[in-house]
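[1] got a structure for you, letters missing:
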């Protein structure tokens, strides 16, 4: 059955379709710009870890911890001190994993490699892993952002 009157004409339908398409296009251009201007989260100033969980680490052993929403790695050095890294690749911010059998950090996104000191040794990473400062306060290990050099 054909209706004598319609809710909207073909012209209104096509204009609405064109407006919706253009609106979607401009929103897809605007979203990345806004995301780069407004950071999605604020990185923590410090993280406190219970020392009892990390007391039994052997020299050269690396364990992960949460640096807010990013992974972090805590390494025990031969002299008993600790070194911490943010577990994010310096190439395109992919998460890095530690391979204990090779004693290296690996970024699977673009085959990036870092040695156990966080230095970039292969692949596209342009810089070493970002270091964090580590101190022991009582029964806690305190990991803080290193001030820029």
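    Arrived safely. Worth saying up front: this structure is predicted, and the values here are computed from it rather than measured.
[2] Now residue 89. Its backbone dihedrals?
    Per-residue torsions, residue 89: phi -60, psi 140 (degrees, to the nearest 10).
[3] Look up the closest residue to it, ignoring the ones flanking it.
    In this structure, residue 89 finds its nearest non-sequential neighbour in residue 107, 4.0 Å apart by Cβ to Cβ, 6 or more residues apart in numbering. In short, each C-beta sits where N, CA and C put it, glycine included.
[4] Skipping its backbone neighbours, what lies nearest residue 58 in space?
    Counting by Cβ to Cβ, 6+ apart, the nearest residue to residue 58 once its immediate chain neighbours are dropped is residue 76, at 6.9 Å.
[5] got a list of what the residue nearest to residue 89 touches?
    Residue 107 makes contact with 89, 91, 94, 95, 96, 113, 114, 123, 125, according to Cβ atoms under 8 Å, 6 or more residues apart in numbering.
[6] Next step: these restricted to strands.
    Using DSSP state E to define strands, the subset of the contacts of residue 107 located there is 113, 114.
[7] From the contacts of residue 107, list the buried ones, please.
    89, 91, 94, 96, 113, 114, 125 (16 or more other Cβ atoms under 10 Å).
[8] which ones are touching the nearest residue to residue 92 once chain neighbours are set aside?
    For residue 92, the nearest residue in space outside its immediate sequence neighbours is residue 109; the separation is 6.2 Å by Cβ to Cβ, 6+ apart. In this structure, residue 109 makes contact with 89, 91, 92, 94, judged by Cβ under 8 Å, 6+ apart.
[9] Surely the third one and residue 108 touch.
    The one in question is residue 92. No - counting by Cβ atoms under 8 Å, residue 92 does not reach residue 108; the two are 11.6 Å apart.
[10] circling back to that earlier point, just flag the most distant two among the contacts of residue 109.
    For those, the maximum inter-member distance is 7.3 Å, found between 91 and 94 (Cβ to Cβ).
[11] Which neighbours do these two have in common?
    With contacts taken as Cβ under 8 Å, 6+ apart, residue 91 and residue 94 have 107, 109, 110, 112 as neighbours in common.
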